[in-house]
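Q: Sequence first, predicted model second:
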Amino acid sequence: MQIISVNKNKSDKPGVKPTLHKPPLKKRALGKFKGKIWTSPDFDDESDEINEMFYGGSIEP
């Protein structure tokens, strides 16, 4: 859908500017995936072996 708006330009003459009409976005429903996604209880646990590889030890294997 196209809407035409009438504006005055620099010389105070009416001008026509075609603009695109965007309908408002639909509101999102919160909690759509509640109960459908599962996360392991140890998801955030850190491994000492991995931490040693990143933060400690020498560069050479």
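A: Okay, I see it. Numbering: from 1, shown residues only.

Q: Pass me the low-pLDDT residue ranges in the chain, would you?
A: 1-15, 17, 57-61 (pLDDT under 70).

Q: would you list every one of the helices in it?
A: Using DSSP state H, the helices of the chain run over 48-55.

Q: Strands along the protein, start to end?
A: Using DSSP state E, the strands assigned to the chain run over residues 2-8, 14-20.

Q: For residue 49, give its distance to residue 41.
A: 20 Å (C-beta to C-beta, to the nearest Å). C-beta here means a position set from N, CA and C on the backbone, and glycine is covered the same way.

Q: ah, wrong one, I meant residue 54
A: Applying C-beta to C-beta to residue 54 and residue 41 gives a distance of 23 Å.

Q: And residue 50, by the same measure?
A: In terms of C-beta to C-beta, residue 50 sits 18 Å off from residue 41.

Q: the more surrounded of the two?
A: residue 50 (9 against 6; other C-beta atoms under 10 Å).

Q: List the buried residues of stretch 51-58.
A: For stretch 51-58, burial by neighbour count (16 or more other C-beta atoms under 10 Å) applies to no residue.
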